[in-house]
Structure formats: structure tokens, C-alpha cells
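Visitor: Generate a structure from the sequence data that follows.
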Amino acid sequence: MARDYQLQSSSLTAPTNGIDFEKELNEEQLAAVTSPPGPSLVIAGAGSGKTRTLTYRVAFLLERGVPAGNILLLTFTNKAAKEMLQRVEGLVPVETRELWGGTFHSIGSRILRRYADRIDFQPNFSILDSEDQKDLLKSIIVDSKIDTKTLRFPKPDLLLNIYSLSKNTGEEVDDLLHSRYSYLTHLAEDIIEIHEQYEERKQSSNAMDFDDLLEKTLKLLREDSNAREAMQKKFEWILVDEYQDTNQLQAELIRLLAEPQNNLMAVGDDAQSIYSWRGADVENILEFEKDYPGASQFVIETNYRSVPEILTLANAAIRPNKAQFAKNLAPARSEKNLLPGIIPLDNPASQAVFVAQRIQELEEEGMALNDMAILYRAHFHAMEIQLELTKRGIPFVITSGLRFFEQAHIKDVAAFMKFVNNPYDEVAFRRMILMVPGIGAKTADRLWFEWQAAYREAGEKVTSFSETLLKQKVPPKAKESWDQLAYTLDELITSEGKAKTPAAMMPSILQGVYDDVMQMKFPNYETRQQDLQQLAKYSEGFTTLDDFLTQLSLIAGQDAIDQAQPKPDDDCVCLSSVHQAKGLEWKAVFVVWLADGMFPNKRAIEAQEDDAENGALEEERRLFYVAVTRAEDELYLSYPRLWPGSFNGETLQHPSRFLEDIPIDMMESWNVGGSAGGYSW
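Guide: Residues are numbered from 1 along each chain as shown. Take a look at the predicted model:
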């Protein structure tokens, strides 16, 4: 005889602890935390307690008897996972070590360690970090037939960015080159061949990169039914944080793991989906109920972060977006009787002076510098502000990357100017000529000694760089680019051998040499191109090259670094791109450069003009929404009316269309008078 016996899925009854969920949570959070089995989407607005909701949901499941080993918590950072699990342990006296919590990549790695042999890897596979990946690619390129000494070929960083984006979006490399890297399409065949060899070498080395941890996991679950069913049975309950940031690969991975019971809770905010440039797809959250029919939806709108005046503005700012879940952030705090300020300034220098002066005033009123942030759309928007803060001795940290004048592309361009200004500058000479394909360190040594001798023989006077440089012997493969470099240097001096102004030099450096270098060197070519355009405009404030280079040196010098880059525990203002600021908050926030073409950026505006259904402008609006919802007490929105031009005079700046979407009575207009002074100190 045989007896059939059916195990029941974990019920959500019979609590073992005494957590008073009704007391600990508001009504919106409580509804989501105590929701019944099945798929559910939690739209958690900015500052509404998203982490608290997820944490209590895990505690609720554990308290109801769900084994920790049957719960999977997926996050985008290890820090978030660790924080949530620590909070859970403080709520429920249940062993949580069996609970799988971590990033998509860490969870993928754990699954693959179990089943690596099913996809022709060994369980002890290596995981390549970024440096390992670059070393492997360099080796492959050397072994290939591509003549990188003659041909400007993409650097490993750029290739890895392309290959990663291809995996995470599901777009073929060839299609991706045409859609996002049109300036590389003439190299498509070689780029694809290198990619194929890269995949083969990883396989033969029993190694994976970070993207493989997702792609190979998905491959395993699709192709091996035994592994898939084992993981599905293990993860009876799945919770996903920041669901709006998932890409197609991650969404498919979640779908396969959640089947067939679909006890999936996805938590996120469509209004904060701002990472399409790295593969995130807002449609994953917008189409959740199509992917999971019958899913429950919960909206958490009570905001504990910001004062009502800021939330009213935030709600108005996001309202014009068509593709969104309608929500209205409601304040838990009382009014501050201070409207967000809208501040038009004469020019970027005036904007910088206003921000710095207002920061000093807030500090005098008792607000700590740590409680203030300056947010911007693009890194170059912070250039004048960095100068002004340094000038005033206001300490600051930058979370969006290096200080403006310390970035590689800024230093590359400055090397041309430094060499023209001082032909004995060995560092500038080497940095400049190593950009030439086919010239390596040994050749650079020889060329430097030859140049010094020729310069001394010429009486330390130069009326034509090419007259000397073209006589120097370079590898045949480097000849064409070397000649171009020599002629470009000639364009940087007058017929009398005097250095031209820095603004006059910029077009020759960029068009003659550096734009091509930059395209092949950096994944974010267009962003760095904008930086250099801003550098060109900044250089308009200097009549001599000496003054310009002196200023750059002072700003990037050790004194400035010591002053402006304090230790993490020091009291300092935060400068950050809006992308880097997501998830953070400050008492006072300055959002700068709110001019059309800057924020939103020009590409998003043009994309919508070409295609009315393009979602780029809506993502820019979501980015603005993220910026304003970082503020707790005070919000300042500014833009320069004029942008000093480098080649064609001043450019009139129009206020951001995002500002025009906001009723004027929700903001206080500031009429700023006085002189901001010039750029020099």
C-alpha cells in the first residue's frame, strides 16, 4: 500500500513572536507587509520607508513560520542587504543565517557554485574583477591580427562597457554599436571577434566576469530543469528591492526563480528609474501586472523625509510624465513656512558665488556642512562651484568622481598647453606623445632626449614644432598620427612663436588630436566631451596661457586637495551627480544648472523631437524628481541666464522645462544682485 501525503505551503498565520505590526507600521506599509501569498508590487515613494517595509515583510514571514532558507532577498548593493538582515535579526528571535540575502551577482554566484558543472564550468571557477578583465582583453588584442599600433582601437575599458551592456540589455554587440556607439561601427567586425575570443578564453580558463554571474545563472535555469526546480522549491518567497532598476536579464532571472507559486514581492518606485544608460528597463516595473497576472498592488505615499512645501513641488514636478503609476507623496512632517527657492543668476560664476555664500549663511545659522549637498546633472556643472568653494575655504567631498581638474581627459588636454608653454616639461611631453598609436615607453624616452637636444640647439626658441618633430624617427605605424600631432602643436603658437590664448588652443587640440583619442579611450565619451566644452568656455576668462595653467595647478595642487577633500568624518559639503545621490538625503539641497539643454540634457530633448514616444525626456524628469526629493528642509533651484561662449560669444540659457511645469506659487523667486567677480582669484 502507498499513502499520498501533501505538504502545504507555508501559511501566514500563527505568529510565534509578539511584533505589533499595527503599531510599528503605517496603514500603507502594514497592508504590504501582511499581504497574502502570491505576486505583489509595492510602489514605495521617495522617503516613504521602503527599507522598513521590506524588513518587516521578512520578519513577518519568519514569524509566521516560513523557514529562513526558503526566503530570497535580492538587492542592488551588499550594504542594503546587510542592513536589512541586521534589522530583521533585531526584530525576530529566529536564526536568519539560512536566509539568502544579497545582490543579484552574489546570489548568482552561490547558485553557480552548486551547478557549475551543468554549464561546463568547474565549481571552483574564478571571478574576474575589472583589472583581470582588462588584462585578459589586452592579451587577446595582442594575440589578434588587429594592428593597434597603426589603428586607433578601443581601449579595454570601452570594450568591456560595450560587452557588459550587450549582456544586460539582450542587445547584440553589432546592434549596440549602431545604436549607441556609431563612431565605432567601422570597427564592428574586429570588436565582435574580440568579444568571441574573450568569451572563449574565459570558458577555457574556468573563469567568469560579473555579468556572467547573471547570464550563466539564467542559462542554467533555462536549460537545466532539475536545477531550476530545485531552486524554485528552495526559494518559496522572493523579495526584490529597487525593482525599477532591474534590466531584462535580471527580470527574467526573477521570473524563472519565482515560478510556479510566484510568491514574489517587488518593491520600487517607477518615478526613480534613472539608470537606462546602464541597461535598467523601467518597463519591468510598469508592466509588472502583465508579467504576473492577478498581482496585488500597494502604494506607499506617506513621506517622512521632506517638509510639505518640498513634497508639493515634487508631486508637481513628476506629474507630466505619462508612463508612471500615479502617486501623491503626503507629508508626515509639519510645514516649515519656507518655499523652495528658484534662483536665476547672471552666469555660472554668479551661480557658484550664490551657492557658496548661501552655504556659509546656513552654516552660520547652525546647519552643519554635512547636512548640505549640491546636486547636478553632469560632472562639469560643478566646475565653477568647486573653484568658489576652494577659494572660500569651504570643505567639500565629491561622490560623483574625481575633482573636475583631476580627471584624465582634462589633464590630457592640459598637457598640450603645458608643453607649448614650457618645452622642457618632460611629464607633459610624455603624456602627449603616448597618445600616438605605435609609440611606447622606450620610443618616448628616445624622442624626449632628441627633442631636448634640438630645443637647446635652436636657442630655446620655437616658431614651428613640426620643423623639429617631423625630423625625428618614429615607427612607420605611428608616422601619420605623429605628423598630425606636430602640425597641431604648430597651431597652438603664433608665427612669432608665442603661445596663443588657451581658448584659441582648445579647438585645435580637440579637432586635431584629442577627440579621436577620447572616442577610443573612454566609455563615456560624450560626457567627457561636454567636460571639455565647459573647459573651453572657462578658458575664455584668461588672456594668457600662464594665468590659465597657474590656476589649474593651484586648484589641483596639494593644498587644494588637502583643503577640499577632507576625511570622511570631517564636516563638509557633498557635491554629487543626481545619479550618485539616489537613496541619500540632506537638510538643504542645491540643484544647479537647471537650464534646458543642461537639465534635461540636450540629447534627451533631441531624442524626443525625433521620436515622440522616446522615453529619454521622461527619464530626465524622473532624475529631476530624485534630485528634489533628496531635500529635507530647504531646496534651492538655480540656473545661469548666460553661458560664456568659447567660440561664438555668450549663449542665452532658458530655464529648464521642468521648472516651467511647476506652478510659480510653489516656489519663491530670488532676485540676486551684486557682482560675482571673475574667475581668477
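
Visitor: residues in contact with whichever strand in the chain runs longest?
Guide: Across the chain, the longest stretch assigned as strand under DSSP state E is strand 631-640. For strand 631-640, contacts defined as C-beta atoms under 8 Å, 6 or more residues apart in numbering pick out 305-307, 310, 313, 336, 338, 340-348, 350-351, 354-355, 358, 362, 585-595, 598, 628, 653, 655-656, 659, 667. Any C-beta I mention is one placed from the backbone N, CA and C, and that applies to glycine too.

Visitor: Okay, now the sheet partners of it, with direction.
Guide: strand 341-345 (parallel), strand 586-591 (parallel) (DSSP bridges).

Visitor: Save those strands as CSV, and put in mean pLDDT and distance to residue 427 too.
Guide: Compiled in CSV, these are given as follows (pLDDT from 0 to 100; distance: least, C-beta to C-beta, whole Å):
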stretch, mean pLDDT, distance to residue 427
strand 341-345, 95, 37
strand 586-591, 98, 36
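
Visitor: pLDDT score assigned to the closest residue to residue 481 other than its chain neighbours?
Guide: Of all residues not flanking residue 481 in the chain, residue 436 sits nearest, at 4.6 Å (C-beta to C-beta, 6 or more residues apart in numbering). Listed pLDDT for residue 436 reads 87.

Visitor: Residue 436: neighbouring residues, count only.
Guide: The number of residues packed near residue 436 is 26, by other C-beta atoms under 10 Å.

Visitor: close enough to count as contact, it and residue 478?
Guide: Yes. Applying C-beta atoms under 8 Å, one finds residue 436 in contact with residue 478, separated by 5.3 Å.

Visitor: quick one, what contacts residue 515?
Guide: By C-beta under 8 Å, 6+ apart, residue 515 lies in contact with residue 529.

Visitor: Quick check: residue 291 vs residue 170, distance?
Guide: According to C-beta to C-beta, to the nearest Å, residue 291 stands 16 Å off from residue 170.

Visitor: So between those two, which is more surrounded?
Guide: Neighbour count, other C-beta under 10 Å: between residue 291 and residue 170, residue 291 has more, with 20 against 14.

Visitor: what's the distance between the closest residue to that one other than its chain neighbours and residue 105?
Guide: Residue nearest to residue 291 in three dimensions, not counting chain neighbours: residue 255, with 6.8 Å by C-beta to C-beta, 6+ apart. With distances taken as C-beta to C-beta, residue 255 is found 18 Å from residue 105.

Visitor: Residue 284 too?
Guide: 18 Å.

Visitor: Quick check: mean pLDDT of stretch 457-466?
Guide: 84.

Visitor: That one: how far from the chain's middle?
Guide: Centroid displacement of stretch 457-466 relative to its chain, using C-alpha atoms, centre = their mean, to the nearest Å, is 45 Å.

Visitor: for stretch 486-501, same thing?
Guide: The answer for stretch 486-501 is 38 Å, by C-alpha atoms, centre = their mean.

Visitor: Tell me the span between the first and last residue of it.
Guide: Terminal residues of stretch 486-501 are spaced 19 Å apart (C-alpha to C-alpha, to the nearest Å).

Visitor: same thing with stretch 381-397?
Guide: Termini of stretch 381-397 sit 15 Å apart (C-alpha to C-alpha).

Visitor: still on that earlier bit, strands - which of the contacts of strand 631-640 land there?
Guide: Short answer: the contacts of strand 631-640 in strands (DSSP E) are 341-345, 586-591.

Visitor: Check which helices and strands the helix or strand where residue 527 lies is in contact with.
Guide: Here residue 527 sits within helix 525-539, counting by DSSP states H and E. For helix 525-539, the packing partners by 3 or more C-beta pairs under 8 Å, 6 or more residues apart in numbering; DSSP states H and E come out as helix 383-392, helix 408-421, helix 502-509, helix 515-521.

Visitor: Kindly reformat those as TSV containing mean pLDDT and distance to residue 224.
Guide: Formatted as TSV, the helices and strands packed on helix 525-539 follow (pLDDT from 0 to 100; distance: least, C-beta to C-beta, whole Å):
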stretch	mean pLDDT	distance to residue 224
helix 383-392	89	53
helix 408-421	86	44
helix 502-509	89	55
helix 515-521	83	40
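
Visitor: so where is the stretch 101-250 of the chain shaky, pLDDT-wise?
Guide: By pLDDT under 70, the low-scoring segments of the stretch 101-250 of the chain are 148-150.

Visitor: Let me see the ranges of the helices in it.
Guide: For the stretch 101-250 of the chain, the helices defined by DSSP state H, counting those that start in this stretch occupy 104-115, 130-143, 156-169, 173-180, 188-204, 210-223, 225-234, 248-258.

Visitor: could these go into CSV alongside mean neighbour count?
Guide: Formatted as CSV, those follow (neighbours: other C-beta atoms under 10 Å):
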stretch, mean neighbour count
helix 104-115, 19
helix 130-143, 15
helix 156-169, 20
helix 173-180, 16
helix 188-204, 16
helix 210-223, 20
helix 225-234, 14
helix 248-258, 20
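
Visitor: will you turn these into JSON lines that also has distance to residue 466?
Guide: Output for the helices of the stretch 101-250 of the chain, formatted as JSON lines (distance: least, C-beta to C-beta, whole Å):
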{"stretch": "helix 104-115", "distance to residue 466": "51"}
{"stretch": "helix 130-143", "distance to residue 466": "31"}
{"stretch": "helix 156-169", "distance to residue 466": "30"}
{"stretch": "helix 173-180", "distance to residue 466": "35"}
{"stretch": "helix 188-204", "distance to residue 466": "32"}
{"stretch": "helix 210-223", "distance to residue 466": "46"}
{"stretch": "helix 225-234", "distance to residue 466": "65"}
{"stretch": "helix 248-258", "distance to residue 466": "51"}
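
Visitor: quick one: residue 324 and residue 270 touch, right?
Guide: Yes. The pair residue 324 / residue 270 is scored as a contact, 5.4 Å apart, by C-beta under 8 Å.

Visitor: Spell out which residues are contacts of both of those two.
Guide: By C-beta under 8 Å, 6+ apart, the residues touching both residue 324 and residue 270 are residue 286.

Visitor: circling back to that earlier point, could I get the helices and strands packed on helix 525-539 as JSON lines with distance to residue 639?
Guide: Formatted as JSON lines, the helices and strands packed on helix 525-539 follow (distance: least, C-beta to C-beta, whole Å):
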{"stretch": "helix 383-392", "distance to residue 639": "13"}
{"stretch": "helix 408-421", "distance to residue 639": "24"}
{"stretch": "helix 502-509", "distance to residue 639": "23"}
{"stretch": "helix 515-521", "distance to residue 639": "28"}
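
Visitor: wait, which of the ones you listed is closest to residue 203?
Guide: helix 515-521 (27.4 Å; C-beta to C-beta).

Visitor: For that closest one, buried residues please.
Guide: For helix 515-521, the neighbour count (16 or more other C-beta atoms under 10 Å) marks 516-521 as buried.

Visitor: same thing with stretch 290-303?
Guide: Result for stretch 290-303 [16+ other C-beta under 10 Å]: buried residues 291-292, 295-296, 298-303.
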